[in-house]
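Chemist: no FASTA, just this:
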Ligand code: ADE
């Protein structure tokens with residue numbers, strides 16, 4: 001049967017989503033645990049992705065080919081690149097680019113060779129639904145907790161736009177500045193979304209990538225990342241997914 005796949009980047013996030021679901025069947029395969037069952041009455045399959053583009057591509061392929069996933073939603077954290085994209089904000093990818101793809105001079109920079117494209121669009125319908133759920137959750141400040149407030153997380157905003165993916169944790173000002181110069185529309189950088197996008201494009205499956213900003217991809221990114229995951233990321237994505245499926 002057709003199922004919604006929820007792909008989490010982090011164990012903390014998956015645990016928070018699993019806690020909302022009832023009894024789930026666990027299918028172990030390829031070093032992953034695929035949790036099948038229902039969430040808010042919807043057939044779902046929940047899985048921890050692993051980190052990086054290959055992990056994301058493998059996960060997306062297995063979800064579609066073995067677990068009947070007919071739409072995929074990725075939830076995780078990202079480094080903020082765009083001006084005003086702050087820690088605690090949410091970003092819905094309208095399109096994704098692999099920022100480390102470079103087959104010049106054979107193909108233009110960022111173009112995935114022989115596909116004729118560099119930008120892979122997410123599903124507008126899923127994005128509209130997720131945007132509504134995200135706003136509902138972000139507008140509930142209690143949700144963010146004391147620890148988030150102590151970290152200086154202000155009322156978070158939702159952004160829509162370009163998200164970059166590559167097999168690098170971007171952790172210097174120089175590197176994030178270079179990404180902003182090369183791809184000025186970029187709102188955030190992470191390590192999986194564009195790979196999932198390419199697989200879903202090949203398979204003709206709708207997908208969305210929803211990220212909360214854990215750091216600014218700068219010299220303190222590694223510290224902010226660690227603190228943020230504990231404080232905010234897990235609860236935020238679980239609440240958004242739950243609100244979305246309930247609607
Ligand atoms: N995910 C969260 N923060 C990130 C960063 N700075 N670079 C890459 N992926 C990330």
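Modeler: Done, it's in. If you're wondering where the values come from, they're calculated on a predicted model, not measured in any experiment.

Chemist: flag every residue of this protein that's near the ligand.
Modeler: 77-79, 169-171, 189-191, 214-215, 217, 221, 225 (CB under 6 Å from any ligand atom). To be clear about C-beta, it is placed using only N, CA and C from the backbone, and glycine gets the same treatment.

Chemist: which of those residues scores worst on pLDDT?
Modeler: Of all the residues of the chain next to the ligand, residue 225 has the smallest pLDDT value, namely 86.

Chemist: what about the helix or strand in which that residue is found, distance to the chain center?
Modeler: Residue 225 is part of helix 221-228, with elements assigned from DSSP states H and E. The chain centroid and the centroid of helix 221-228 are separated by 17 Å, computed with CA atoms, centre = their mean, to the nearest Å.

Chemist: now for that helix, which elements pack on it?
Modeler: Using 3 or more CB pairs under 8 Å, 6 or more residues apart in numbering; DSSP states H and E, the elements in contact with helix 221-228 are strand 69-80, strand 207-215.

Chemist: next, the angle from it to strand 207-215.
Modeler: Interaxial angle of helix 221-228 relative to strand 207-215 (axes from the mean of the first three to the mean of the last three CA atoms, to 10 degrees): 100 degrees.

Chemist: which residues does helix 221-228 contact?
Modeler: For helix 221-228, the surrounding residues in contact (CB atoms under 8 Å, 6 or more residues apart in numbering) are 77, 79, 87, 88, 151, 169, 170, 171, 212, 214, 215, 216.

Chemist: now neighbour count too, for those residues, in TSV please.
Modeler: Putting the contacts of helix 221-228 into TSV (neighbours: other CB atoms under 10 Å) gives the following:
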residue	neighbour count
77	26
79	27
87	24
88	24
151	17
169	17
170	25
171	18
212	27
214	26
215	25
216	19
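
Chemist: can you show me the helices along the chain?
Modeler: Secondary structure of the chain (DSSP state H): helices at 11-20, 53-66, 124-138, 145-150, 173-182, 193-203, 221-228, 234-246.

Chemist: buried deepest among these, which one?
Modeler: Among the helices of the chain, ranked by average contacts under mean count of other CB atoms under 10 Å, first place goes to helix 193-203 (a mean of 24).

Chemist: and the one residue in the chain that gets nearest to the ligand, how far from residue 22?
Modeler: In the chain, the residue that lies nearest the ligand is residue 79 (2.8 Å; CB to the nearest ligand atom). Look at residue 79 and residue 22: by CB to CB, to the nearest Å, they are 35 Å apart.
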